[in-house]
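Visitor: Here is the input, now give the coordinates:
(2 chains)
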Amino acid sequence: MDYKKYIAQKIEIDGFSCEEIETFIEIPPEKSVGDYALPCFRFSRALKKAPNIIAQELKEKITPSGVIREVQAVGGYLNFFLDRTAVSLDVVKEILDSGEKYGSQKVGEGKTVCIDYSSINIAKPFHIGHLSTTVIGGALYRIFNFLGYKAVGINHLGDYGTQFGKLIYAYKNWGSREEVEKGGIKELTRLYVDYHAKSEENPAMDDEARRYFKLIEEGDSECVELFNWFKEMTIKEVNKIYDLLDIHFDSYAGESFYNDKMQVVVDELNEKNLLVESDGAKIVDLEQFNMPPCIILRSDGASLYATRDIAAAIYRKNTYDFYKCLYVVAYQQDLHFKQFFKTLELMGKTWAKDMVHVSYGMVSLEDGAMSTRHGKVVLLEDVIRVCMEKALKVIEEKNPSLENKEEVAKMIGTGAVIFGALQNNKIKDIVFSYDKVLSFEGETGPYVQYTVARCNSVMAKSDVDYSEFNVTEVCDSEYNLAVALANFPSVVLSSAEKYEPSFVTRYAIDVAKAFNRFYLDCKILNETGDRKKFRLALCDATRTTLKNALSLLGIKTPERM
RNA sequence: GCGCCUGUAGCUCAGUUGGAUAGAGCAAUGGCCUUCUAAGCCAUGUGCCAGGGGUUCGAAUCCCUUCAGGCGCGCCA
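Guide: Here you go, the predicted structure:
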């Protein structure tokens, strides 16, 4: 519920449209000066008048009516005071009517958004370095769906490359079916790490590994079978984590899927005279765009990352006819995406403008970067497990009679991990620390979940029917909470526009704070009549809004905790 | 060397398209549960918004420049 438009319609300024004025209206830093304000400085030049005079003249032309209760001219500002009671009642009623649809919109109807995220490597462990792409992508997936778009989640599997020849070599020489079945990805990683240790002394192994990889490509039944086994095992194992994080995909078409789709790309580039030979390689020259060239074919004729990405982009456009195609990939690859988007543009793909690199910061450990090959990683399943254990401990302390402790601890533990990962602007680097994810107080996931549990608790203790309510005045805490709740739809919208799930995370904190303040100031169960009904309705509206916000992030809300 | 990103309180970070006195959380100190879940709330202090120029009625926000850190810069993905 946004009253900016409503207010803008009451204002007339020569040379400025109603829409323009609407964008100029802002919310004052201090609520005592007004609920909305129009700074008049920018009109000064056009109207050839001092801002304070403009504000004064505008004030005299507006007669307060409807939800506008009072207008004041203060310096160069035109300040509006709303009928806070009417506003609060409207907001709460709307939320209760909308329920789990509150905040959802139709702006995206008929449009498809492809989101490439998580994109795991086969036979590699899922560590905290994969967390950002997974939860950012997952949140965007839900946010776009919430806005009416059709989101298509794509897990662009890393399932192609010599490393799989190495893995097969290791498996055949010192691995066993039993061990791999028992150990899963951990065992595959062990084989891979061992391979590197041994191949340093025996470089001939690499030739063998390359041979095995070639056999996979040629369709050798034994190698393909092994490879598919590794692939299925990886996906099955990672799915357990995806379930916890509420992550879903519509396609697992990975690198190998595009093997037979790259030649046409090369042909097309050739036809369009975009390919240039340089040091034996085939490149697209991007010098005039102030970028290094995009390499399409190696000097040995093999395709590269960019070739595959171009093929994948074209495939996605043909298959899904997307409105936007997002790539949730860390900022290390900024240049790569600029190059490959530019190449698409040069190929005459008008939709190249719809390609978006959703770039985010890196995760490192306190003692430096992670490395799978050196075993220096923090596994996500370990982090989640430790958080769950901590949650369980806290429950035993604070609420030992809780029924489904394990289940609740799971929600809290994973909630803390997801919330922490989505809390800051995505471009910020993160240094992982257990202290930080294990903090359940202050601006954290558990804090927001706890707020919902408080709402539930209050409502469970009352059997008053609050479907109809009416009050004639509201206090500051009630009004501030209602305003916070009202902001949800616009927060969802801007988080999609900026591809920034942290807007939703921060918003959830704002609402939780407003509620907890309200909870302190306003007794609910002791009240009677309409006041009680209104406050119960506020609780319900808070719960609904927070649940909706958290579910966009992939976080579940326990009834009690 | 070139390009991109980042720099705000002791720490981690917010700060919408330039707007009113720069805000939270953590940490510290002191308060608040015989009454709705204390994973909560209240109070207290902290700033050369990295430095320097400029544009503007007005700059943490825009432009230029310096410094510090991160990432990237042809056959890995």
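Visitor: pretty sure residue A:327 is in a strand, no?
Guide: Yes - counting by DSSP: H, G, I helix; E, B strand; the rest coil, residue A:327 is located in a strand.
Visitor: That one pairs with what?
Guide: Beta bridges link residue A:327 to residue A:116, residue A:357, judged by DSSP bridges.
Visitor: is it true that it touches residue A:358?
Guide: Yes - taking CB atoms under 8 Å as the definition, residue A:327 is a contact partner of residue A:358 at 6.4 Å. Yep, even glycine has a C-beta here, placed from its N, CA and C like the rest.
Visitor: Tell me which of those two has more neighbours.
Guide: Neighbours were tallied for residue A:327 and for residue A:358 using other CB atoms under 10 Å; the higher tally belongs to residue A:327 (26 against 21).
Visitor: ok, now which ones touch that one?
Guide: Under the criterion of CB atoms under 8 Å, 6 or more residues apart in numbering, the neighbours of residue A:327 are A:116, A:337, A:355-358.
Visitor: all strands for chain A, in order.
Guide: A:36-39, A:68-74, A:77-82, A:112-116, A:150-154, A:275-278, A:281-284, A:294-297, A:324-330, A:355-360, A:363-365, A:430-432 (DSSP state E).
Visitor: neighbouring contacts of the first one?
Guide: When contacts are defined by CB under 8 Å, 6+ apart, strand A:36-39 is touched by residues A:3-4, A:7, A:11, A:21, A:24-28, A:51, A:55, A:58, A:76-80, A:82.
Visitor: so which of these also contact RNA strand B?
Guide: When CB under 7 Å from any atom of the strand is applied, the members of the contacts of strand A:36-39 adjacent to RNA strand B are A:26-28, A:51, A:76-77, A:79.
Visitor: Show me the two of those that sit farthest apart.
Guide: Spatial extent of those (CB to CB) is set by the pair A:27 and A:51 at 19.0 Å.
Visitor: Comparing these two, which residue is more hemmed in?
Guide: Neighbours per residue (other CB under 10 Å) separate residue A:27 from residue A:51, with residue A:51 holding more: 19 against 12.
Visitor: Quick check: closest non-adjacent residue to the more buried one.
Guide: residue A:76 (3.2 Å; CB to CB, 6 or more residues apart in numbering).
Visitor: Please apply the same query to residue A:520.
Guide: Of all residues not flanking residue A:520 in the chain, residue A:477 sits nearest, at 7.9 Å (CB to CB, 6+ apart).
Visitor: circling back to that earlier point, please flag which of the contacts of strand A:36-39 sit within helices.
Guide: Helix and strand membership here follows DSSP state H; of the contacts of strand A:36-39, those in helices are A:4, A:7, A:21, A:24, A:51, A:55, A:58.
Visitor: Can you get me a residue count around residue A:385?
Guide: Residue A:385 - counted by other CB under 10 Å - has 13 other residues nearby.
Visitor: Report the contact partners of it.
Guide: Listed by CB under 8 Å, 6+ apart, the contact partners of residue A:385 are residue A:413.
Visitor: Report pLDDT for it.
Guide: What the model reports for residue A:385 is a pLDDT of 97.
Visitor: Any figure for the gap between residue A:560 and residue A:427?
Guide: Residue A:560 sits 37 Å away from residue A:427 when distances are taken as CB to CB, to the nearest Å.
Visitor: can you tell me how far the spatially closest residue to residue A:281 that is not a sequence neighbour sits from RNA strand B?
Guide: With CB to CB, 6+ apart as the measure, residue A:299 is the residue that lies nearest to residue A:281, at 4.9 Å, once sequence neighbours are left out. In this view, residue A:299 and RNA strand B are 4 Å apart by CB to the nearest atom of the strand, to the nearest Å.
Visitor: And residue A:552, by the same measure?
Guide: Applying CB to the nearest atom of the strand, one obtains 17 Å for the distance of residue A:552 from RNA strand B.
Visitor: wait, doesn't that residue sit right on residue A:140?
Guide: No - under the contact definition of CB under 8 Å, residue A:552 does not touch residue A:140, with a separation of 9.4 Å.
Visitor: any common contacting residues for the two?
Guide: When contacts are counted by CB under 8 Å, 6+ apart, residue A:552 and residue A:140 have residue A:501 as shared neighbours.
Visitor: If you count surrounding residues, which of those two has more?
Guide: Comparing residue A:552 with residue A:140 by other CB under 10 Å, the one with more neighbours is residue A:552, at 27 against 24.
Visitor: so what's that one up against?
Guide: With contact set as CB under 8 Å, 6+ apart, residue A:552 has these partners: A:139, A:142-143, A:146, A:492, A:501, A:504.
Visitor: if you set the cut-off to 10 Å instead, what comes out?
Guide: A:103-104, A:138-143, A:145-146, A:422, A:491-492, A:495, A:501, A:504-505, A:507-508 (CB atoms under 10 Å, 6 or more residues apart in numbering).
Visitor: try residue A:91
Guide: Counting by CB under 10 Å, 6+ apart, residue A:91 makes contact with A:1, A:479, A:481-488, A:538, A:541, A:545.
Visitor: Tell me the confidence at residue A:366?
Guide: Predicted confidence (pLDDT) for residue A:366: 84.
Visitor: What are the phi and psi values at residue A:348?
Guide: phi 90, psi 10 (degrees, to the nearest 10).
Visitor: was I right about it contacting residue A:269?
Guide: No - using CB atoms under 10 Å as the test, residue A:348 is too far from residue A:269 to be in contact (11.0 Å).
Visitor: neighbour-wise, which of those two wins?
Guide: The neighbour count for residue A:348 versus residue A:269, taken as other CB under 10 Å, is higher for residue A:269 (23 against 10).
Visitor: The helix-or-strand element of chain A with minimal mean pLDDT: how far from the chain's middle?
Guide: Taking mean pLDDT, DSSP states H and E as the measure, the helix or strand of chain A with the lowest value is helix A:44-47, at a mean of 84. Relative to its chain's centre, helix A:44-47 lies at 42 Å (CA atoms, centre = their mean, to the nearest Å).
Visitor: Give me the neighbour count for the residue nearest to residue A:520.
Guide: For residue A:477, the neighbour count with other CB under 10 Å is 18.
Visitor: Counting neighbours, which bits of stretch A:294-313 end up buried?
Guide: A:294-297, A:303-304, A:306-313 (16 or more other CB atoms under 10 Å).
Visitor: Tell me which two of those sit farthest apart.
Guide: Pairwise distances across the buried residues of stretch A:294-313 (CB to CB) peak at 17.6 Å, for the pair A:297 and A:313.
Visitor: List the residues that contact the spatially closest residue to residue A:245 that is not a sequence neighbour.
Guide: Closest residue to residue A:245 in three dimensions, ignoring its sequence neighbours and counting by CB to CB, 6+ apart: residue A:554, at 5.3 Å. The neighbourhood of residue A:554, defined by CB under 10 Å, 6+ apart, consists of A:134-135, A:138-139, A:141-142, A:242, A:244-248, A:414-415, A:418-419, A:421-422, A:501.
Visitor: Up against RNA strand B, what does the stretch 1-150 of chain A have?
Guide: Proximity of the stretch 1-150 of chain A to RNA strand B, by CB under 7 Å from any atom of the strand, involves residues A:23, A:26-30, A:33-34, A:37, A:39, A:41-42, A:44, A:51, A:74-77, A:79.
Visitor: Any of these buried? List them.
Guide: In terms of neighbour count (16+ other CB under 10 Å), the buried residues within those are A:28, A:34, A:37, A:39, A:51, A:76-77, A:79.
Visitor: Can you give me the separation between the nearest residue to residue A:100 once chain neighbours are set aside and residue A:418?
Guide: Distances taken as CB to CB, 6+ apart put residue A:548 closest to residue A:100, at 6.2 Å, once the chain neighbours are dropped. Here the criterion is CB to CB. By it, residue A:548 lies 15 Å from residue A:418.
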